[in-house]
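S.K.: When you get a sec, could you give me coordinates for this:
(one chain, ligands or ions: 2)
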Amino acid sequence: EDRPAHMVYLRTVDPGIEQDIRYAGAHNFTGHALDGYEAPECLLSLDAARALARVQSTLRAQGYGLKVFDCYRPSRAVADMGRFATQPGDPRKAEFYPRVDKQDFWRLGYVARVSNHSKGGTVDLTLTGPDALPADSWTPSATPVDCTAPYGQRWHDGAVDMGTGFDCFDERAHTDTTLINATALENRQRLTRAMEQEGFTGYSAEWWHFTYTRDASLKTVMDFPITPLESTP
Ligand SMILES: C[C@@H](N)C(=O)N[C@H](C)C(=O)O
Ligand SMILES: [Zn+2]
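M.R.: Ligands and ions are numbered 1, 2, ... in the order given. Have a look, this model is predicted:
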């Protein structure tokens, strides 16, 4: 399967949006790079990418910005997540899902069997800003810290306090939870407001997950691999 023409590299549309594509490496809930991620790149439909660039410019005017963790997800990567739950081992449980069994991710809504990420208009992202602690650089030997730990203690991903880290499969990641502090709630609301203004809809179980809903044609599940920008025709 080849990359369809409407699917573009986000950095060709807005190089200012930061990217840390977690499923292209081992710093994610599975502990390995997922099938189909041959490069750490964010791909989205052109309309969704342009809309995200408008969100970025709105946030920039407020002193904030975006950092994306996942965009288009090949369906083979979705299958890889499914296999992960059936195989023994929990290499990243202590950081990403300390209070949940991995077999329950689907029932609890944290991972989808058929993901909108594979349709080209869905993005996982966070908010950068003036009060953000600088990003740590991750190595496999890093001591895992619970993604729900206080902002100063958990993994520093370069974002402001959002109440939890990315892909933190926990009640505290539910967008409207009452279990987080007022600053984190305000940060979530700032992100959600800016995204909704440009046609993205959030997800109640994960504060970082948004789908572009102004393009009803984004219905096809795709499986082309994510490859480096340079090597694509
Ligand atoms: C796995 C997480 N980042 C995510 O995107 N979850 C939703 C529900 C999905 O898998 O589509
Ligand atoms: Zn998502």
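
S.K.: Every contact and neighbour count from this point should use C-alpha atoms.
M.R.: Noted.

S.K.: Okay, strands next: where are they in the protein?
M.R.: With DSSP state E, the ranges of strands along the chain come out as 7-9, 18-19, 43-45, 65-70, 122-128, 200-203, 206-212.

S.K.: could you redo these as a markdown table and give each row distance to ligand 1 and mean neighbour count?
M.R.: Output for the strands of the chain, formatted as a markdown table (distance: least, Cα to the nearest ligand atom, whole Å; neighbours: other Cα atoms under 10 Å):
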| stretch | distance to ligand 1 | mean neighbour count |
| --- | --- | --- |
| strand 7-9 | 18 | 20 |
| strand 18-19 | 14 | 20 |
| strand 43-45 | 14 | 26 |
| strand 65-70 | 7 | 22 |
| strand 122-128 | 6 | 25 |
| strand 200-203 | 8 | 20 |
| strand 206-212 | 6 | 25 |
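
S.K.: Now tabulate the ones you listed in a markdown table and tack on mean pLDDT.
M.R.: Below are the strands of the chain laid out as a markdown table (pLDDT from 0 to 100):
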| stretch | mean pLDDT |
| --- | --- |
| strand 7-9 | 98 |
| strand 18-19 | 98 |
| strand 43-45 | 98 |
| strand 65-70 | 99 |
| strand 122-128 | 98 |
| strand 200-203 | 98 |
| strand 206-212 | 98 |
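
S.K.: can those go into TSV with extra columns for distance to residue 108?
M.R.: Conversion of the strands of the chain to TSV gives the following (distance: least, Cα to Cα, whole Å):
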stretch	distance to residue 108
strand 7-9	30
strand 18-19	27
strand 43-45	26
strand 65-70	20
strand 122-128	18
strand 200-203	13
strand 206-212	11
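
S.K.: what sits against the residue nearest to the spatial centre of the chain?
M.R.: Among the residues of the chain, the one closest to the centroid is residue 124, at 2.5 Å (Cα atoms, centre = their mean). The neighbourhood of residue 124, defined by Cα atoms under 8 Å, 6 or more residues apart in numbering, consists of 68, 69, 70, 71, 208, 209, 210.
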